[in-house]
Each structure stands twice: as C-alpha cells, then as structure tokens.
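K.L.:
Sequence and predicted structure are below.
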Amino acid sequence: ITTLAEMQDLNSNTNNSTTSSGSSDNNNGKNSFVNPSIIPSYFFCPLTETIMKDPVITPDGTTFERVAILRWLILQPCNPVTGISLSHADLVVDHLVRTSIDKARKEAWVRYVVEFRDDDAEKVYEEKVVEKEKKQKLLSEMIDASLLL
C-alpha cells in the first residue's frame with residue numbers, strides 16, 4: 001500500500017469479504033492479511049495521498065511530503081489545506097512522523113520476511129522434493145527401458 005486510494009480499496013475489499021463470507025479469512029487458508037486500519041492517516045501527504053518519505057511540517061501543524069509542498073509553493077505561496085500564507089523557509093523536518101513511518105516500514109518488512117520463511121520456504125522445499133522424486137522415477141524408467149533392449 002502506497003496510496004490512500006489503495007488503502008481505501010483494501011479496506012472496502014476486506015469489509016466485502018467479511019460480509020459476504022461471514023469470515024475475514026478469505027485468503028486461501030493463510031491467517032494473515034494487511035489490515036488497512038493499522039496505517040495511520042497522518043502517514044499520507046494531503047497533496048499526493050501517498051505515504052510520505054520526507055515529511056515536513058508547517059508552522060500551523062500540517063505535514064506534507066517535501067517535494068509536493070515545494071512544488072505547490074512555486075505556484076501559490078499558501079498552505080493548501082488551511083490557506084494560510086506559507087514560505088519554503090517555514091518548513092521543518094517532521095521527525096516524529098518520519099520516525100513513525102520508518103518504524104512501520106521496518107516492521108512490515110520483518111513481518112513479510114517472517115511470513116515468507118514460514119509459508120513459502122516449506123512450499124519451496126516440498127517442490128524440490130517432488131522434483132527430485134520425478135527425476136529419480138524418470139531415471140529408473142530409462143534404466144528399465146535400456147535393460148529391455
């Protein structure tokens with residue numbers, strides 16, 4: 001999820017699958033799914049509606065993605081949310097939001113890696129065993145066929 005629209009789509013799909021099936025576990029037996037309610041709205045820039053990478057805060061407390069607000073200020077020297085006069089010099093790095101987003105990204109990555117190891121590593125192992133058994137069967141059939149000649 002990188003945009004607010006993707007989060008809303010996921011949220012509506014989750015709600016639809018819960019109401020239609022009576023259960024929120026609609027992912028082919030897997031117990032985990034992305035819960036869009038865990039992504040705070042303040043992670044999203046009001047201009048781009050994407051999760052911010054370089055958040056800056058205005059004197060009135062509105063947080064924006066740096067590039068987005070700087071582009072806005074080239075066209076109009078005011079806060080697009082409040083309409084209050086604003087200059088690029090007024091922008092300050094929003095360390096709190098940046099730290100929160102970075103922490104959430106790291107936690108999401110760790111969950112992804114752990115889920116891969118638990119679910120997919122076993123699947124990959126099983127595929128290798130099946131492949132090896134097929135090769136052994138084919139080899140034994142070839143040997144049997146050559147003995148018949």
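P.N.:
Happy to help now that I have it.
K.L.:
Flag every buried residue along the top helix by length along the chain.
P.N.:
The longest helix of the chain (DSSP state H) is helix 121-148. Within helix 121-148, no residue counts as buried by 16 or more other C-beta atoms under 10 Å. Quick note: C-beta positions are derived from backbone N, CA and C, even for glycine.
K.L.:
tally of neighbours for residue 43?
P.N.:
A count of neighbours around residue 43, defined by other C-beta atoms under 10 Å, yields 19.
K.L.:
Return the residues in contact with it.
P.N.:
With contact taken as C-beta atoms under 8 Å, 6 or more residues apart in numbering, residue 43 is in contact with 51, 52, 97, 100, 101, 104.
K.L.:
Tell me who's in contact with the fourth one.
P.N.:
Contact partners of residue 100, counting by C-beta under 8 Å, 6+ apart, are 40, 42, 43.
K.L.:
What about these, which are in helices?
P.N.:
Under the assignment DSSP H, these contribute nothing to helices.
K.L.:
would CSV of those residues with distance to residue 129 be doable?
P.N.:
Converted to CSV, the contacts of residue 100 look like this (distance: C-beta to C-beta, whole Å):
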residue, distance to residue 129
40, 44
42, 48
43, 43
